[in-house]
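S.K.: Provide a 3D model corresponding to the input given below.
(one chain, ligands or ions: 2)
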Amino acid sequence: MLRNSVFRTVHSATKLHVTSSVRHYSRRALTTMAAFPDLRMETMVQTTTKHGMDVIHDPLLSKGTAFSLSERERLGIRGLVPPRTQEMDKQLQRIIRNLRECRTPLEKFVFMTALQDRNETLYYRLLIDNLEELSQIIYTPTVGEACQRFHSIYRRSRGMYFSSLDRGQMAAMVHNWPHDQVDVIVVTDGSRVLGLGDLGANGMQIPIGKLSLYVAGGGIRPTSILPVVLDVGTNNEELLNDPLYLGMGHRRLEGDEYYSFVDEWVHAIQNRYPNALIQFEDFQSKHAYNLLNKYKDKVCCFNDDIQSTSAVALAGVLASLKARGQTFENLSDERIICVGAGSAGVGVCEGIIDCMVEQGKVKSREEAYSRIWMLDQHGLIGNSNLGSEQTSNGERAELDERQVCYEKKDMKDRMSLEEVVKAVKPTVILGLSGAPGVFTEGAIRAMADGVEKPVVFPLSNPTRQSECTAEQAFEWTDGRAIFASGSPFKDVEYKGQIRKVNQLNNSNSFPGLGLAITTSRATRVTSKMFMETAVTIANMATEDQLKQGILFPGMGELRRVSKEVATRVCEVAYEQGLARAQLPQGSSLKDVIEDSMWNPEYVPTIRIDGHM
Ligand SMILES: O=C([O-])CC(=O)C(=O)O
Ligand SMILES: [Mg+2]
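M.R.: Ligands and ions are numbered 1, 2, ... in the order given. Down below sits the predicted model:
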């Protein structure tokens with residue numbers, strides 16, 4: 001099958017389809033290929049200048065025991081691997097057997113990392129074929145533990161680190177990355193890793209995990225991704241005092257120093273990879289919005305925690321409307337409580353407000369704000385002139401301009417969740433607090449007293465940080481809840497009946513977005529793209545699934561979800577005049593998207609000399 005439309009015209013004369021690693025293809029190489037029996041016409045090939053052990057030890061080239069005899073001959077690896085050539089299915093059998101012998105999720109994580117470091121094709125095949133199970137290892141929740149233990153389990157480098165030692169050097173340093181084409185970069189400063197707080201340079205596992213899903217779910221090429229940590233220090237005392245910690249041993253840069261550091265990095269990246277999509281990930285709230293606002297109109301970038309979380313949460317609420325026998329237009333009639341007023345909480349609520357305003361059923365943005373009650377760690381953002389409940393969480397810092405919009409003038413400040421629930425009778429409760437257990441039994445039972453089908457979405461990650469468990473949600477609502485969580489839970493048996501859980505995670509959104517940006521070569525990421533992502537995801541479940549409480553396809557169908565999302569986002573990119581790629585004539589957008597997705601399979605490797 002044709003993999004990359006860019007090469008369609010270049011190679012149509014030779015009827016030869018090549019992988020994107022092949023940039024320049026000489027007549028000599030073509031003649032050489034014809035001389036080898038495993039290279040048929042109508043096949044894809046990859047080329048390398050490497051030889052011998054260097055091929056075996058390059059995870060992007062290695063096929064382990066799957067090199068054919070003629071490949072072994074021409075790559076100089078005859079005798080360097082066991083004699084029997086094994087097909088990928090046999091390799092997978094061995095890998096799965098070994099994986100099953102790992103006792104803990106963290107052991108599985110280390111095992112998966114080792115596989116990725118040996119043979120990326122096999123790693124992605126295994127991941128795609130077992131996404132439901134293995135996303136829980138390489139992504140949330142296990143990736144959280146892997147970050148906490150990063151400096152203990154560290155084996156081999158992956159990605160790039162830019163530290164406070166590198167100021168003034170970044171424009172040169174980016175050229176150390178070995179690939180000329182980079183489509184997607186995920187960058188973190190490790191300051192708010194999932195709901196686990198400041199983990200400094202240990203946060204590297206997050207960009208690596210996210211990018212694995214870009215490849216597995218969104219079909220981005222493994223050579224075109226770049227995981228990055230901006231090591232601006234850490235304020236985590238435990239890490240600062242740990243001699244094995246691998247990041248910079250000083251406190252975080254702040255203020256101008258911090259922003260000029262990030263600025264230098266963005267410029268360096270723009271210089272070498274002007275077309276790359278930059279995903280800001282797990283930045284603490286105080287910087288997340290500032291960085292997004294600074295770069296979103298200048299650079300092709302977005303903030304995953306603000307914008308993807310917002311898209312999937314909106315998708316969840318919209319799909320839940322259908323599951324409750326209503327339509328998307330009923331969004332403005334919802335009464336929504338959001339627990340968590342950080343960048344994720346505010347981002348999610350802004351997405352919902354944007355959608356209410358776009359639908360035109362509210363008269364003003366202010367009216368839309370009145371549908372959402374926001375709580376932070378101190379309680380409701382209410383009116384302190386009406387009195388204020390004391391909490392044990394110290395003083396509340398001054399609210400920022402985004403949080404202030406949610407202030408409820410007619411309610412006492414700092415009311416507890418349970419009090420707010422009793423006063424408001426919410427239809428939806430969202431958790432973006434990173435605070436495990438804040439959805440208390442009293443609050444959820446009170447919610448279930450007020451509505452027939454309470455929508456309960458504890459979205460904090462990893463699983464241990466979830467605002468409540470799936471079991472609790474069903475127990476406390478007499479099995480009536482519509483449930484979605486950020487990290488995976490198992491379906492729940494309630495009074496002999498199965499209650500369905502949904503995983504409502506950013507991963508439903510970002511791989512498809514990346515695929516769309518890469519295919520269309522869009523120059524910017526817009527809020528319209530996220531809103532359409534939400535609507536696309538919300539339309540994916542069938543009537544039958546909605547009746548069972550399934551709001552959208554699970555992680556196992558990430559490739560299908562990403563394809564749908566990418567198709568719609570691509571359309572938006574063209575509608576908004578942001579796309580630069582010329583689409584091939586006569587193909588549907590969906591086919592172009594499908595064709596551009598990388599699929600892990602072994603293709604014949606040929607050796608070329610470095611001068612071709
Ligand atoms: O990584 C995830 O599972 C979702 C996310 O971005 C976060 O919780 O920060
Ligand atoms: Mg995140």
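S.K.: Can you report how many residues neighbour Lys322?
M.R.: Using other C-beta atoms under 10 Å, Lys322 has 18 neighbouring residues. Any C-beta I mention is one placed from the backbone N, CA and C, and that applies to glycine too.
S.K.: now the strands: where do they sit in the stretch 451-600 of the chain?
M.R.: Assigned by DSSP state E, counting those that start in this stretch, the stretch 451-600 of the chain shows strands spanning 455-458, 482-485, 492-494, 497-499, 501-503.
S.K.: Serialize those strands to a markdown table and add fields for mean neighbour count and mean pLDDT.
M.R.: As requested, those are arranged in a markdown table below (neighbours: other C-beta atoms under 10 Å; pLDDT from 0 to 100):
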| stretch | mean neighbour count | mean pLDDT |
| --- | --- | --- |
| strand 455-458 | 29 | 98 |
| strand 482-485 | 28 | 98 |
| strand 492-494 | 17 | 97 |
| strand 497-499 | 14 | 96 |
| strand 501-503 | 23 | 96 |
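S.K.: Thr140 is nearest to which of those?
M.R.: For Thr140, the closest of the strands of the stretch 451-600 of the chain is strand 501-503, at 9.0 Å, according to C-beta to C-beta.
S.K.: Quick one: mean pLDDT over stretch 241-253.
M.R.: Averaged over stretch 241-253, pLDDT sits at 98.
S.K.: picking up where we left off before, possible to save the strands of the stretch 451-600 of the chain as JSON lines with distance to Glu594?
M.R.: Shown next, in JSON lines, are the strands of the stretch 451-600 of the chain (distance: least, C-beta to C-beta, whole Å):
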{"stretch": "strand 455-458", "distance to Glu594": "31"}
{"stretch": "strand 482-485", "distance to Glu594": "28"}
{"stretch": "strand 492-494", "distance to Glu594": "36"}
{"stretch": "strand 497-499", "distance to Glu594": "34"}
{"stretch": "strand 501-503", "distance to Glu594": "24"}
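S.K.: between those strands, which one is nearest to Leu131?
M.R.: Proximity to Leu131 (C-beta to C-beta) singles out strand 501-503 among these, at 11.3 Å.
S.K.: And that closest one, what does it pack against?
M.R.: Contact partners of strand 501-503 among helices and strands, from 3 or more C-beta pairs under 8 Å, 6 or more residues apart in numbering; DSSP states H and E: strand 482-485.
S.K.: Touching the strand it packs on from outside, list them.
M.R.: 316, 320, 323-324, 453-459, 463, 466, 470, 473-474, 489, 499-504, 549, 551 (C-beta atoms under 8 Å, 6 or more residues apart in numbering).
S.K.: How much space separates the residue of the stretch 1-150 of the chain found nearest ligand 1 from Gly345?
M.R.: Nearest residue of the stretch 1-150 of the chain to ligand 1: Thr140, at 3.5 Å (C-beta to the nearest ligand atom). Using C-beta to C-beta, to the nearest Å, Thr140 is found at 18 Å from Gly345.
S.K.: who has more neighbours, the two?
M.R.: Gly345 (31 against 24).
S.K.: I figured that one hits Ile336, correct?
M.R.: No - contact status for Gly345 versus Ile336: not in contact, 11.2 Å apart, counting by C-beta atoms under 8 Å.
S.K.: just for the chain, where's the confidence low?
M.R.: Within the chain, the ranges that satisfy pLDDT under 70 run 1-43, 389-392, 610-612.
S.K.: So Leu380 sits against Asp410, correct?
M.R.: No - under the criterion of C-beta under 8 Å, Leu380 makes no contact with Asp410, lying 11.2 Å away.
S.K.: between those two, who's got more neighbours?
M.R.: Neighbour count, other C-beta under 10 Å: between Leu380 and Asp410, Leu380 has more, with 27 against 9.
S.K.: quick one: secondary structure of the closest residue to the more buried one other than its chain neighbours?
M.R.: Of all residues not flanking Leu380 in the chain, Met415 sits nearest, at 4.2 Å (C-beta to C-beta, 6 or more residues apart in numbering). Three-state call for Met415 (DSSP: H, G, I helix; E, B strand; the rest coil): coil.
S.K.: Neighbours of Met415, how many?
M.R.: Neighbours around Met415, by other C-beta under 10 Å: 25.
S.K.: For Ser527, which of the strands of the stretch 451-600 of the chain is the nearest?
M.R.: That would be strand 455-458 among the strands of the stretch 451-600 of the chain, by C-beta to C-beta, at 21.0 Å.
S.K.: What pairs with the closest one, parallel or antiparallel?
M.R.: Strand pairing for strand 455-458, using DSSP bridges, gives strand 428-431 (parallel), strand 482-485 (parallel).
S.K.: Export the last one to CSV, keeping only CA atoms.
M.R.: Read it as strand 482-485. What follows is strand 482-485, C-alpha atoms only, in CSV (Å, rounded to 0.1, in the frame of the first residue of the first chain):
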residue,chain,number,x,y,z
ILE,A,482,-22.3,7.8,34.0
PHE,A,483,-18.6,7.4,34.7
ALA,A,484,-15.4,8.5,33.0
SER,A,485,-11.9,8.9,34.5
